[in-house]
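> here's a sequence, model it:
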Amino acid sequence: MQISKEDLELIRKFDELKRKGYYCDSMQLTTVYNRVLNKHVNNTVCGSCMRQRISELVAAADKFEREQEMAQEAISSPSDSVSEDEQTTTKEKENKRSKSKK
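Residues are numbered from 1 along each chain as shown. Below is the predicted model of the structure:
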């Protein structure tokens, strides 16, 4: 799932409007909803339906941001997991050497 920076800004704006009790542009909401979630729903002015769509968009945006953070962490420290394996292997070798000397 790819969400552009503009889509993220719109989703946060929609969520803020929802929390304040205001309505957003239903056409803009439906366009972003269809693009981000890869759906093809018709426009609606039903307040309950619009709130549900905003909730789905916020959940998708949160998931997208978590995945981006995890990817950044994986990119920034790929050697950490290798280092742990190497440390375990090194400790095992040291233990074997110390036992064989005894």
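
> what is the mean pLDDT for the helix or strand hosting residue 71?
For residue 71, the element it lies in under DSSP states H and E is helix 47-76. Average pLDDT, helix 47-76: 92.

> what packs against it?
Helix 47-76 sits against helix 5-20, helix 26-37, with contacts defined as 3 or more CB pairs under 8 Å, 6 or more residues apart in numbering; DSSP states H and E. Backbone N, C-alpha and C define where each C-beta goes, glycine included.

> so for the last one, what gets flagged as buried?
Going back to what we said before, that points to helix 26-37. 26, 29, 30, 32, 33, 36, 37 (16 or more other CB atoms under 10 Å).

> got a list of what the nearest residue to residue 38 once chain neighbours are set aside touches?
Leaving aside its chain neighbours, residue 38 sits nearest to residue 1 (8.0 Å; criterion: CB to CB, 6 or more residues apart in numbering). Shown in contact with residue 1 (CB atoms under 8 Å, 6 or more residues apart in numbering): 36, 38, 60, 63, 64.
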